[in-house]
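Novice: Structure, please.
(one chain, ligands or ions: 1)
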Amino acid sequence: MENLRICPNGPLQGIVRIEGAKNAALPVIAASILTEEPCCIQNVPVLSDIQNMLYLLEAIGSIIHTSDRHQLYIENANINSQIASYDFTCRLRASFLIAGPLLARFGKFKIALPGGCKIGTRPIDLHLKGFTALGASIYIGHGYVEATASALTGARIYLDFPSVGATENIMMVATKAIGTTIIENAAAEPEILDLANFLHGMGAKITGAGTDTIIIEGISSLHGTTHEIIPDRIEAGTFMTAAAITGGSLKIENVIPAHVKPLCAKLREMGITIHELQSSLLVEAGSALCPTDIKTLPYPGFPTDMQAQLCALMSMTNGTGIITETIFENRFMYVNELKRMGADITIEGRAAIIKGTAHLSGAQVSATDLRAGAALVLAGLVAEGETILSGVSHIRRGYADLAGKLRSVGASIQEF
Ligand code: UD1
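Specialist: Have a look, this model is predicted:
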């Protein structure tokens, strides 16, 4: 079922439980390659991006069992290939996260260049810079990037930008390099800390994860472990925004409030009341939404993965707000679709100027990427009449049963 039919149905009310974080599960699954011993990964979300990562691991020789929908056992003793074809890398950019573990364990990889995507060019130069500093030789040709290393040695690596994926890949290689690696200007996202915790469980020696300087003492071998993935702060943020846009009241369970601080700050500025409990949030919207300005930044700044959803919300305010996107150069493609629903948005370079209309109208629209899809669903919850959204496979990459969960708290949304 590739489409959604959404109609407004009043304020959302009830309880939503958040899944494990996609962006934490993907690097953790890749990191399991670092050991021959089995790993158990818990609280894994059921998403097409995760399934594609598991297909990739199986293609290189991993054996994967699931004991329930959210718990994986991965055995990587029999990996017999270090090659990932374009069939995999074109489906999932994060497939490049197997590069670091393959290099660390086998001293080589050959992976089809991931290429650009709908939100920007997304190069891998920082990943390769790190691999080179640790002793790998890199060759790029015929659409593949290959690396070989006879020995990997710790190094001091300064990232020009705190790339999440590059930080993860370099961290994973450094766990098995000889000596100390220091990553400066590292990404500090919660998913980096979750990966470091998984690596700790495998015996790795890492300090500073979650700050901009990560220090890794290489060791010769890592062992199997059990790890529970952190909750998905972007799924949580999307449901918080759903409560806000419908004027509803939602209890969001299984969330780490500290991880959604930048979003809470912006929602509060817009007039939303948020009560922080230990592992849940109560989000209560009033009748009027105030405009605000947002700039996406590396963590702990406002997450680019919530930018589109907040743009939909800001379309329903009673004034003008600006969203500036600083992480990806092409992340406003969904704006044309929101405009077809009556939103008043002007793009000027990296900024979207949003004039609140307090009135959107249902239309036939298409999801251009994962978070764009989420933004259009949010708009559909309050747009007058029927919204028909196509391209729903994008949404399944990062949201487990978004429609079902929204229905459970009162939304009128059907797949067809
Ligand atoms: C991860 C997240 C994604 C999120 C993004 C930013 C996963 C699986 N995905 O993606 O949801 O939107 O972080 O928070 O965790 N860059 C370079 N050279 C590189 C690598 C990146 O210039 O070698 C640039 C990119 O073009 C982009 C910026 O750095 O402009 C951020 O990218 P990065 O942090 O690497 O994002 P991902 O890890 O791909």
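
Novice: quick one: is the lowest-mean-pLDDT helix or strand in the chain near the ligand?
Specialist: Here the helix or strand of the chain ranked lowest by mean pLDDT, DSSP states H and E is helix 86-89, holding a mean of 89. No - applying C-beta under 6 Å from any ligand atom, one finds helix 86-89 separated from the ligand by no less than 12.4 Å. From N, CA and C alone the C-beta is placed, and that goes for glycine too.

Novice: send the alpha carbons of stretch 134-147 over as CSV?
Specialist: What follows is stretch 134-147, C-alpha atoms only, in CSV (Å, rounded to 0.1, in the frame of the first residue of the first chain):
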residue,chain,number,x,y,z
LEU,A,134,44.5,5.6,10.4
GLY,A,135,46.6,3.9,7.7
ALA,A,136,44.3,2.8,4.9
SER,A,137,45.0,3.3,1.2
ILE,A,138,42.0,4.4,-0.7
TYR,A,139,41.2,3.8,-4.4
ILE,A,140,38.1,5.2,-6.2
GLY,A,141,37.1,3.9,-9.6
HIS,A,142,34.3,2.3,-11.6
GLY,A,143,31.7,3.6,-9.1
TYR,A,144,33.4,1.8,-6.1
VAL,A,145,35.5,3.0,-3.2
GLU,A,146,38.1,0.4,-2.1
ALA,A,147,40.3,0.5,0.9
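
Novice: Buried residues, the helix or strand following the least confident helix or strand of the chain. List them.
Specialist: With elements assigned by DSSP states H and E, the helix or strand that comes after helix 86-89 is helix 99-106. Neighbour counts using 16 or more other C-beta atoms under 10 Å place A99, G100, P101, L102, L103, A104, R105 of helix 99-106 among the buried residues.

Novice: Can you give me the buried ones in stretch 15-33?
Specialist: For stretch 15-33, burial by neighbour count (16+ other C-beta under 10 Å) applies to 16, 18-33.

Novice: For V365, what are phi and psi?
Specialist: Backbone torsions of V365, given as degrees, to the nearest 10, read phi -140, psi 170.

Novice: can you tell me which residues contact the residue nearest to it when sequence neighbours are not counted?
Specialist: Of all residues not flanking V365 in the chain, E337 sits nearest, at 4.3 Å (C-beta to C-beta, 6 or more residues apart in numbering). Residues in contact with E337 (C-beta atoms under 8 Å, 6 or more residues apart in numbering) are V365, S366, A367, T368, A372, L376.

Novice: Check S95 too.
Specialist: Applying C-beta under 8 Å, 6+ apart, one finds that S95 lies in contact with N52, M53, L56, A84, F88, T89, I111, P114.

Novice: Nearest to L72 among these?
Specialist: M53 (10.4 Å; C-beta to C-beta).

Novice: The host helix or strand of that closest one near the ligand at all?
Specialist: Secondary structure assignment for M53, by DSSP H and E: helix 48-59. No - Helix 48-59 lies out of reach of the ligand by C-beta under 6 Å from any ligand atom, never closer than 7.7 Å.

Novice: by contact count, what packs against the helix or strand harbouring A352?
Specialist: Element membership for A352 (DSSP H and E) is strand 351-355. Counting contacts by 3 or more C-beta pairs under 8 Å, 6 or more residues apart in numbering; DSSP states H and E, strand 351-355 is packed against helix 307-314, strand 320-324, strand 344-348.

Novice: ok, that strand: who's next to it in the sheet?
Specialist: Paired with strand 351-355 in the same sheet, following DSSP bridges, are strand 320-324 (antiparallel), strand 344-348 (antiparallel).

Novice: Need those in CSV (columns: mean neighbour count and distance to the ligand).
Specialist: Shown next, in CSV, are the strands paired with strand 351-355 (neighbours: other C-beta atoms under 10 Å; distance: least, C-beta to the nearest ligand atom, whole Å):
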stretch, mean neighbour count, distance to the ligand
strand 320-324, 19, 14
strand 344-348, 14, 18
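
Novice: Would you reformat those as CSV and include mean pLDDT?
Specialist: Shown next, in CSV, are the strands paired with strand 351-355 (pLDDT from 0 to 100):
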stretch, mean pLDDT
strand 320-324, 97
strand 344-348, 96
